[in-house]
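[1] Sequence plus predicted model, see below.
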Amino acid sequence: MADTGLLPVGRTVLLEKVDQEHQSVQNHFTVAWAERHGVNAETIPTLVKCMLHSTDSMKVKIKADMEDERHLRLLLDQVRGLPDYEVEHIVYLIWGGTDKLKKTAAKAAGDRGAWLSELALAAGRG
């Protein structure tokens, strides 16, 4: 976990091999990963993969970072093409639900507001 270069190996072993009954492992890994490496262009793809394998009970505090315009665009790129229920799961983990995301989008201006709205649409409840 200390080296981002080892991530593909860790992702394969941890996320794809651990079964649904042991998802708390993914929850703890995702929170630790976010705390250690933060939110940036390198980590967003990994965070999305981790969140897709985590449960709704996970508490990862990355909302403020994800609302940064640079990160929001990268998040949108990562979720494009995913089924709406997977996007909704990611939105829930970051914003606490699509309704909360829509309220944030309504208050945001310019591109940021448009991207937040697009994310809400991708979650199937826009």
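    Cool, the structure landed.
[2] Where does pLDDT dip in the protein?
    1-23, 125-126 (pLDDT under 70).
[3] where along it do the helices fall?
    Assigned by DSSP state H, the chain shows helices spanning 7-10, 16-17, 24-37, 44-52, 63-66, 69-79, 84-95, 98-107, 110-122.
[4] In JSON lines, list those helices along with mean neighbour count.
    For glycine as for every other residue, the C-beta is placed from the backbone atoms N, C-alpha and C. JSON lines is the format used below for the helices of the chain (neighbours: other C-beta atoms under 10 Å):
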{"stretch": "helix 7-10", "mean neighbour count": "14"}
{"stretch": "helix 16-17", "mean neighbour count": "8"}
{"stretch": "helix 24-37", "mean neighbour count": "17"}
{"stretch": "helix 44-52", "mean neighbour count": "21"}
{"stretch": "helix 63-66", "mean neighbour count": "16"}
{"stretch": "helix 69-79", "mean neighbour count": "18"}
{"stretch": "helix 84-95", "mean neighbour count": "20"}
{"stretch": "helix 98-107", "mean neighbour count": "17"}
{"stretch": "helix 110-122", "mean neighbour count": "17"}
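[5] Surely Lys59 touches Val31?
    Yes - assessed by C-beta atoms under 8 Å, Lys59 is found in contact with Val31 at 6.9 Å.
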